[in-house]
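Student: here is my input; please provide its structure:
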Amino acid sequence: SLFRVRKDIRLTDTINIHPEENINWRRHKNACPFYRERWFPNNDIAAGEPMYQVFCLKGTPPITQEEQDKCFSSKTCCWRLMENAEKKRTKREKASKTEETPLASQQV
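Tutor: The predicted model follows:
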């Protein structure tokens, strides 16, 4: 039966078309522009099937509820990529400050 075939194939393993091009993957209007989700209206929670699946077009999907909340509060860019860029900028600034600070022996 159709029900048994469905049980043999995990719904989360059925990404045949890239989510950016597939109408079943929807952009959440209040989330990051790279966040996509796909809902399973006929899911079987008792069998362990998810209610929905998340995909990130930048390859940094949320893993925890806290990360997903950050995705929902970042409407213009990926929060994770922004945090990484800020860390790199801070590291560069610290490196340049240590290079610019003269040693006590060099001060006149």
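Student: my guess is N22 is in a strand, correct?
Tutor: No - per DSSP: H, G, I helix; E, B strand; the rest coil, N22 lies outside any strand segment and is coil.
Student: how many neighbours does it have?
Tutor: 14 (other C-beta atoms under 10 Å). Just so you know, the C-beta spots here come from the backbone N, C-alpha and C atoms, and that holds for glycine as well.
Student: and the next helix or strand past the helix-or-strand element of the chain with minimal mean pLDDT?
Tutor: Within the chain, no helix or strand scores below helix 2-8, which has a mean of 44 by mean pLDDT, DSSP states H and E. With elements assigned by DSSP states H and E, the helix or strand that comes after helix 2-8 is strand 26-27.
Student: in which helix or strand does the residue nearest to the spatial centre of the chain reside?
Tutor: The residue lying closest to the centre of the chain (C-alpha atoms, centre = their mean) is P61, at 2.7 Å. Using DSSP H and E, P61 sits within no helix or strand.
Student: assign a three-state SS to the nearest residue to it once chain neighbours are set aside, would you?
Tutor: Distances taken as C-beta to C-beta, 6 or more residues apart in numbering put V54 closest to P61, at 5.4 Å, once the chain neighbours are dropped. Three-state call for V54 (three-state DSSP): strand.
Student: kindly state the beta-bridge partners for V54.
Tutor: Beta bridges link V54 to E37, judged by DSSP bridges.
Student: for it, the count of nearby residues, please.
Tutor: V54 has 20 nearby residues by other C-beta under 10 Å.
Student: mind listing what it touches?
Tutor: 35-37, 61-62, 68 (C-beta atoms under 8 Å, 6 or more residues apart in numbering).
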